[in-house]
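Here is a sequence together with a model predicted from it:
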Amino acid sequence: MLTEERHQKILQLLSQQMIVKTQELTALLNTSESTIRRDLKELADANLLERIHGGARLLLNLSFEQNMTEKADQNNQEKKAIATLAAQNIHDNEIIYLDAGSTTLKLIPLLKDKKITVVTNAVHHAAKLVDLGIHTIILGGSLKLSTKAIIGATSMEQLQRYRFNKVFIGMNAVHPEFGLTTPDSEEAALKSLAISQGEQTYVLADHTKLNQVSFIKVHSIEKVTLLTDHCSSELLEQFQQITTIKEAT
């Protein structure tokens, strides 16, 4: 089993039971105790878990998610810069998918006068798009109260029928090894499907989301373009070895 696969399974198990024992992981992953100890050290160094005697404990922020109001008040200038960078990739007559999220919300005012069709799973986004006279399709399904995102089986079924020139996705966490992750399994499924339905995908994530890991893996980062406001030189080099990353200036 590859190191990344072991790390994912360790984090998944931690999210279910909060504490794992080294012996338990050795049996589950069919590997040596020294390998498990090394895995736990690497994950602890990345601030993804806390090592304890004989095992590891979950860091609670893996499954924590702020509501839309809290997100909207944070890193406004950075999000606007990322949105400006994203808007440069949208052209007339394109069909795009606009994911729920505070950074993708900043993109909407920049779409004024563009002759495009937008599909979205966000109530706030749909209302603002319509106000700008943009042809808008909103997915049906269950409304997640904290983020005002539409999720669930109905939205998945509807999304499967669409294809997009460009997909713009918000993300809770982006990591060179663990890829794109988010706290909610239903949102993760919808984001993953949207990525698969697009010719090109842009992930909008400010610097606070980089080198972070959340609960559920959405997708690897190899086939997406990462748009951010700032990235350290060391982390930038890691991302550039895997994917395309652009910084807003």
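Happy to help now that I have it. Numbers count the residues shown, from 1 in each chain.

Based on its surroundings, how many neighbours for Leu28?
14 (other Cβ atoms under 10 Å). Using the backbone N, CA and C atoms, a C-beta is placed for each residue, glycine as well.

so what's the backbone phi/psi at Gly133?
Dihedral angles of Gly133 (phi, psi; degrees, to the nearest 10) stand at phi 80, psi 20.

For it, give its distance to Gly198.
To Gly198, Gly133 is 24 Å away according to Cβ to Cβ, to the nearest Å.

Among those two, which residue is more densely surrounded?
Set Gly133 next to Gly198 and count neighbours by other Cβ under 10 Å: Gly198 wins out with 22 against 11.

who's in contact with the closest residue to Ile216 other than its chain neighbours?
Excluding the flanking residues, the one nearest Ile216 by Cβ to Cβ, 6 or more residues apart in numbering is Ala188, at 4.0 Å. Going by Cβ atoms under 8 Å, 6 or more residues apart in numbering, Ala188 touches 181-182, 216-218.

Filter the residues you listed down to the ones in helices?
In this view, the contacts of Ala188 have no member that belongs to helices under DSSP state H.

Between those residues, which has the least confident prediction?
Checking pLDDT across the contacts of Ala188, the minimum falls on Ile216 at 87.

Okay, and the beta partners of that residue?
Assessed by DSSP bridges, Ile216 has beta-bridge partners Thr182.

Quick check: the gap between it and Ala248.
27 Å.

Who has more neighbours out of those two?
When Ile216 and Ala248 are compared for neighbours, Ile216 comes out ahead with 22 against 19, by other Cβ under 10 Å.

Let me see the domain layout of this protein.
Per automatic domain parsing, the structural domains of the chain span 3-63, 68-247.

picking up where we left off before, spell out the secondary structure type for the residue nearest to Ile216.
helix (DSSP: H, G, I helix; E, B strand; the rest coil).

ditto for Ile96
Under three-state DSSP, Ile96 comes out as strand.

isn't it right next to Lys115, touching?
No. Ile96 lies out of contact with Lys115 (Cβ atoms under 8 Å); the separation is 11.9 Å.

count of neighbours near the nearest residue to Ser220 once chain neighbours are set aside?
With sequence-adjacent residues excluded and distances taken as Cβ to Cβ, 6+ apart, Ser220 is closest to Gly179, at 4.5 Å. Neighbour count for Gly179, taken as other Cβ under 10 Å: 21.

Can you tell me how far Val130 is from Ile95?
Noted for Val130: a distance of 16 Å to Ile95, by Cβ to Cβ.

Quick check on these two: which one has the bigger neighbour count.
More crowded of Val130 and Ile95, by other Cβ under 10 Å: Ile95, with 17 against 13.

Enumerate every residue touching the closest residue to the more buried one other than its chain neighbours.
The spatially closest residue to Ile95, leaving aside those adjacent along the chain, is Thr117, at 4.6 Å (Cβ to Cβ, 6+ apart). If you count contacts by Cβ under 8 Å, 6+ apart, Thr117 has them with 94-96, 134-137.

Just the buried ones out of those, please.
Among the contacts of Thr117, those buried by neighbour count (16 or more other Cβ atoms under 10 Å) are 94-96, 134, 136.

Since that was my last question, I'll sign off now.
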